[in-house]
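Trainee: pasted the sequence and its predicted model underneath.
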There are 2 protein chains.
Amino acid sequence: MSNAYNRPDQLSPELRRRVLETARRLGYPGPDPVARSLRTRKAGAVGLLLTENLSYAFRDPAALGFLEGLALACEDAGTGLMLIPASPEREDVAAVHRAGVDGFVVYSVPDDDPHLAAVLERPVPTVVCDQPDLTNVDRVGIDDRSAMNELARHLIAMGHRRIGVVCMRLARDRNDGYVSVDRQHAAHFHVQRSRLAGLAMAFSEAGVDWSRVPVVERFDHNTASGESAAAQVLDRDPTITALICTSDILALGAMNEAKRRGLRVPEDLTVTGFDGIHEAERAGLTTVRQPVLEKGRAAGKLLLDVGERTRPRSVNLSTELITGRTASAPRTITEERWFGP
Amino acid sequence: MSNAYNRPDQLSPELRRRVLETARRLGYPGPDPVARSLRTRKAGAVGLLLTENLSYAFRDPAALGFLEGLALACEDAGTGLMLIPASPEREDVAAVHRAGVDGFVVYSVPDDDPHLAAVLERPVPTVVCDQPDLTNVDRVGIDDRSAMNELARHLIAMGHRRIGVVCMRLARDRNDGYVSVDRQHAAHFHVQRSRLAGLAMAFSEAGVDWSRVPVVERFDHNTASGESAAAQVLDRDPTITALICTSDILALGAMNEAKRRGLRVPEDLTVTGFDGIHEAERAGLTTVRQPVLEKGRAAGKLLLDVGERTRPRSVNLSTELITGRTASAPRTITEERWFGP
DNA sequence: TGGAGTGACCGTAACGGTTCAGAACCAATT
DNA sequence: AATTGGTTCTGAACCGTTACGGTCACTCCA
């Protein structure tokens, strides 16, 4: 029976014809994929864990690019891609247990995520993208720290010393406000932690006391967050010359807020982002471009590559500093040089 | 054993503890989801069939909206969403056979699609969105014909009689060029066929000879297609006062081309779209808004709604005519009235 | 004290395929 | 005639789980 469908060469055409004929007559709908998966130990699909309301993935351009790359890799391999329903609010990891997949791709989740823990218990290969950074699990990502460090040096070279920072959520708890250095170090999101560390290192070397740099965190990732965060920083510290945001979305929001206050960018305020999304390019944002689509594709390839099983493997993709039109030397540079930072 | 994991109330805490303890000691990774699916006849996932390069779904805003809505419905139900790798180039329907899912959502495929045929053979519920329009299969969509008809009447009321039309692909074969009335009627894509029919009806009633209206088709759906298609129409028929596009993407391309030619929109040329995507709104496009996210959500709900099994069910969502800034009365309206259309 | 009732626990039979060993058959060789 | 080789076909085992019914010990009440 099985042979009639899957291995036509193993039996005579006559028998095959007869088998298929009776199968049709009996209304047999073809081999059951689940039973097949059980026997062959292959599900023909990979699971994607996002731990974020799923619609986030469809609205955030960076996540979307990743998703597209992953989908392409799966398509190439003829493998299904299953989106696991794991919103942050539901602690219920049953969905992870129920997923009939050959492996998982985990995209940008906090290191204490319960769904991630459930994934790692499953006896299937896993690839983590961006975060967390786990030893003994395959990984795809970028060097967030040095990428941000490079951007910081770029601003420092321009003369910026009085800066403000807007970053994405650092942990699973909501903290829309200022971030202590302790919280920065304890952040459960490796990516944000690294980007802040890159900034801290560069500015410390330039003689700036990092502990006095205002860093504001926002839980939700959208332009409204960027706006309110920028407002919060500018309200407290109107003398800053640059506002560094850890994502383009936040930076676009910050630019809205700057315009609302009548601040010209970059003449009155330098604004920078991170990601290199399309909208940022259109706005001429100074930012760091990371290859989001390639990240997805690399994650898929790594997971589906049955060869090379010398785990763990780690892929670091390269980033590029994009010098746009939103960063320039601060107006008050000479004055600042005089008085010191 | 099974009870220890899934039904703690069926056994004493003591035994449960002992079972779990030994399980851990033996390195038992928890119940196998595939075996469970086989036994319970529930896969806990629905399949999505797109029959379009998967990355299309992530680039086309309308498709993306649908995807988001569907993902939300699945998330609410705690169900996985599996993207089936079925690019149009590969005739290989094995992926459909291999998918361990409880049902399929089919989004906008031609009526002669082989993957669709394979889906319909599977003994699981199916919901089709937009196209094709099959009797005895659940359906979610809009009334494309009357929506487009309403838009046409809007333009007719403004005085437009000399029009050109740009539409998306009408069949699986590539035909980048003019479309005969025969091909319009024979189109394998129900949605495009209906939209053209809505136009044809409105303009025929207004005294326009539909067979002489230039209709140009493009296989690829992007702004470049809109540009070249608009160019093709305007080259042959520079006297048209309105260019009606069957999608916003095409319309945005058409506007680019108009600008390139120094034609002002809407003073020199009226341009309209269809879908109501975000970018169209920003551009002030006159178009028809359809609730893409709701379509996805409705499709998911229909599929997952275990109750009501009086099939087939059909959901028609309502559309809305958006009067933007890209349509106005033709400049030559008095002249045209004098000489007739 | 016996019998019914209750609850905890356990054994077994599907679920629907794939795979593989070996039977059956036929032809060719020794 | 017996052995060998090769092909086609059949049957049984197995994948890991859940549903179900049966066993057993224990309690409660007459």
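Mentor: On my side now, so go ahead.
Trainee: if I look at the nearest residue to A:Gly164 once chain neighbours are set aside, what pLDDT would I see?
Mentor: Excluding its sequence neighbours, the residue lying closest to A:Gly164 (CB to CB, 6 or more residues apart in numbering or on different chains) is A:Val233, at 3.8 Å. Where C-beta positions appear, they are placed from N, C-alpha and C, glycine not excepted. With respect to pLDDT, A:Val233 scores 97.
Trainee: confirm A:Val233 sits in a helix?
Mentor: Yes. When DSSP: H, G, I helix; E, B strand; the rest coil is applied, A:Val233 is found to be in a helix.
Trainee: gap between it and DNA strand C?
Mentor: According to CB to the nearest atom of the strand, to the nearest Å, A:Val233 and DNA strand C sit 60 Å apart.
Trainee: so who does whatever residue of the stretch 201-341 of chain A ends up closest to chain B touch?
Mentor: Going by CB to the nearest CB, chain B is nearest to A:Leu293 of the stretch 201-341 of chain A, at 8.6 Å. Contacts of A:Leu293 were listed using CB atoms under 8 Å, 6 or more residues apart in numbering or on different chains, and they are A:65-66, A:68-69, A:72.
Trainee: which SS class is it?
Mentor: Following three-state DSSP, A:Leu293 is assigned to helix.
Trainee: skipping its backbone neighbours, what lies nearest it in space?
Mentor: A:Gly69 is the one closest to A:Leu293 (CB to CB, 6+ apart), at 4.0 Å.
Trainee: report all helices and strands that the strand or helix carrying the one you found contacts.
Mentor: Under the criterion of DSSP states H and E, A:Gly69 resides in helix A:61-77. Helices and strands touching helix A:61-77, by 3 or more CB pairs under 8 Å, 6 or more residues apart in numbering or on different chains; DSSP states H and E, are strand A:45-49, helix A:54-59, strand A:80-83, strand A:104-107, helix A:248-260, helix A:292-304, helix B:54-59.
Trainee: would JSON lines of these with mean pLDDT be doable?
Mentor: Formatted as JSON lines, those follow (pLDDT from 0 to 100):
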{"stretch": "strand A:45-49", "mean pLDDT": "96"}
{"stretch": "helix A:54-59", "mean pLDDT": "85"}
{"stretch": "strand A:80-83", "mean pLDDT": "96"}
{"stretch": "strand A:104-107", "mean pLDDT": "97"}
{"stretch": "helix A:248-260", "mean pLDDT": "97"}
{"stretch": "helix A:292-304", "mean pLDDT": "96"}
{"stretch": "helix B:54-59", "mean pLDDT": "86"}
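Trainee: how about the ones you listed in a markdown table, adding distance to B:Ala299?
Mentor: Formatted as a markdown table, the helices and strands packed on helix A:61-77 follow (distance: least, CB to CB, whole Å):
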| stretch | distance to B:Ala299 |
| --- | --- |
| strand A:45-49 | 20 |
| helix A:54-59 | 15 |
| strand A:80-83 | 15 |
| strand A:104-107 | 25 |
| helix A:248-260 | 29 |
| helix A:292-304 | 25 |
| helix B:54-59 | 14 |
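Trainee: now distance to DNA strand D too, for those, in TSV please.
Mentor: TSV is the format used below for the helices and strands packed on helix A:61-77 (distance: least, CB to the nearest atom of the strand, whole Å):
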stretch	distance to DNA strand D
strand A:45-49	17
helix A:54-59	25
strand A:80-83	19
strand A:104-107	17
helix A:248-260	41
helix A:292-304	21
helix B:54-59	31
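Trainee: setting aside sequence neighbours, what's the nearest residue to A:Arg264?
Mentor: Closest to A:Arg264 by CB to CB, 6+ apart is A:Ala258, at 7.8 Å.
Trainee: how close does the residue most central in space within chain A sit to chain B?
Mentor: Closest residue to the average C-alpha location of chain A: A:Ser108 at 4.8 Å, with CA atoms, centre = their mean. Remark: distance between A:Ser108 and chain B (CB to the nearest CB, to the nearest Å) = 17 Å.
Trainee: tally of neighbours for the closest residue in space to that residue that isn't next to it in sequence?
Mentor: For A:Ser108, ignoring the flanking residues on the chain, the nearest one in space by CB to CB, 6+ apart is A:Asp130 at 4.3 Å. Neighbours of A:Asp130 under the rule other CB atoms under 10 Å in any protein chain shown: 23.
Trainee: what pLDDT is listed against A:Asp130?
Mentor: For A:Asp130, pLDDT reads 94.
Trainee: spit out the contact partners of it.
Mentor: Residues in contact with A:Asp130 (CB under 8 Å, 6+ apart) are A:107-108, A:140-142, A:190-191, A:295.
Trainee: out of these, which is most surrounded?
Mentor: A:Val140 (27 neighbours).
Trainee: distance check, the residue of the stretch 201-341 of chain A closest to chain B against DNA strand C.
Mentor: Counting by CB to the nearest atom of the strand, the separation of A:Leu293 from DNA strand C is 34 Å.
Trainee: repeat that for A:Val101.
Mentor: Applying CB to the nearest atom of the strand, the value for A:Val101 to DNA strand C is 18 Å.
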